[in-house]
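1. based on what follows, work out the 3D shape:
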Amino acid sequence: MKLAIFDLDETLIAGDTASLWLEFLVRRKLAPVGILEQERTLMTAYYQGRMDMDAYMALTLAPIRHWQLQDLSPLVEEFIRQDILPLVYPDARARLAWHRSQGHEIVIISATGEHLVKPIALALGVRHAIGIMLDCCDGVYNGRTRGVFSYQEGKLVRLQEWLERQALSPSHSYGYSDSLNDLPLLEFVDTPFAINPGEHLAHIARGRNWSCLNWEL
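-> Numbering: from 1, shown residues only. As a prediction, the model looks like this:
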């Protein structure tokens, strides 16, 4: 079995899912406009590889606290149709299609909440997705997370847990990401691809003879 592992934000899509989701909620008057500036401040740290994930998740989950899962689902579907699918890179769709044609197992793994990652993956025709796990009680989100964050080295932890649950042992693995935060993942796979990498990741990729792919809308 061969495995293809894709990051989501700025890799498969030309944008950041969590940021776009908050903008969507603000447009729908389901979140205060001030949350956008708070989120941008935290995202600055993300691009520098020093995100406070506890603070970030607390902020971005606040608008859906006390929401029932069944009530949130239609809103997420609307968000995906309006804000996510138009941003999917054509080259990303082609690469997903190629892996399917080869019979490879595909998994999307992201440092975004699973309430967004999993339905986006399904919309892209991908059955398997790993995101930050959300806590809920009696079918209601409580604004907290659980388990290991699928962020930086945590992506490898969650990936290994997923492989064990699926009883999978890949003979070869491919990895795709735009982010320096995913360096542990790119180092783990057999064939890494840096997608639209920034200067630092591009420098590392060139030094290690990794492929750099430029994807555009």
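2. regarding the closest residue to Leu12 other than its chain neighbours, what is its secondary structure?
-> Leaving aside its chain neighbours, Leu12 sits nearest to Ala92 (4.4 Å; criterion: C-beta to C-beta, 6 or more residues apart in numbering). The way it works is simple: take the backbone N, C-alpha and C, and place the C-beta from them, glycine included. Secondary structure state of Ala92, per DSSP: H, G, I helix; E, B strand; the rest coil, is helix.
3. list the contacts of Ala92.
-> For Ala92, the contact set (C-beta atoms under 8 Å, 6 or more residues apart in numbering) comprises 6, 11-13, 215.
4. among the residues you listed, which one is most surrounded by other residues?
-> Neighbour counts for the contacts of Ala92, by other C-beta atoms under 10 Å, peak at Leu12, which reaches 29 neighbours.
5. surely that one is in contact with Phe6?
-> Yes: using C-beta atoms under 8 Å, Leu12 is in contact with Phe6, at 5.7 Å.
6. mind listing the shared neighbours of the two?
-> Common contact partners of Leu12 and Phe6 (C-beta under 8 Å, 6+ apart): 92, 96, 108, 176.
7. figure out the helix or strand that the third one lives in.
-> Which is Ile108. Per DSSP states H and E: Ile108 is located in strand 105-113.
8. helices or strands up against that strand?
-> strand 2-6, helix 17-27, helix 53-61, helix 90-101, helix 114-123, strand 128-137, helix 153-166 (3 or more C-beta pairs under 8 Å, 6 or more residues apart in numbering; DSSP states H and E).
9. spatially central, which residue of this protein would that be?
-> Centroid check for the chain by C-alpha atoms, centre = their mean gives Ser110 as the closest residue, at 2.6 Å.
10. contacting residues for the residue nearest to Asn181 when sequence neighbours are not counted?
-> Excluding the flanking residues, the one nearest Asn181 by C-beta to C-beta, 6+ apart is Gln152, at 5.2 Å. Listed by C-beta under 8 Å, 6+ apart, the contact set of Gln152 reads 49, 111, 181-182, 184.
11. quick one, phi/psi of Gln152?
-> Backbone geometry at Gln152, expressed as degrees, to the nearest 10, gives phi 50, psi -130.
12. who's in contact with stretch 207-217?
-> With contact meaning C-beta under 8 Å, 6+ apart, stretch 207-217 is reached by 14, 87, 89-92, 176, 186, 191-197, 202, 204-206.
13. go again with 7 Å.
-> By C-beta atoms under 7 Å, 6 or more residues apart in numbering, the list of residues contacting stretch 207-217 from outside reads 14, 87, 89, 91-92, 192-197, 202, 205.
14. how far is the worst-scoring helix or strand of the chain on mean pLDDT from where the chain is centred?
-> Ranking every helix and strand in the chain by mean pLDDT, DSSP states H and E puts helix 34-47 at the bottom, with a mean of 87. Counting by C-alpha atoms, centre = their mean, to the nearest Å, helix 34-47 is centred 17 Å from the centre of its parent chain.
15. in that helix, what's buried?
-> Neighbour counts over helix 34-47 (16 or more other C-beta atoms under 10 Å) mark 35, 38-39, 42, 46 as buried.
16. by neighbours, which of the shared contacts of Leu12 and Phe6 wins?
-> Neighbour max across these (other C-beta under 10 Å) = Tyr176, 28 neighbours.
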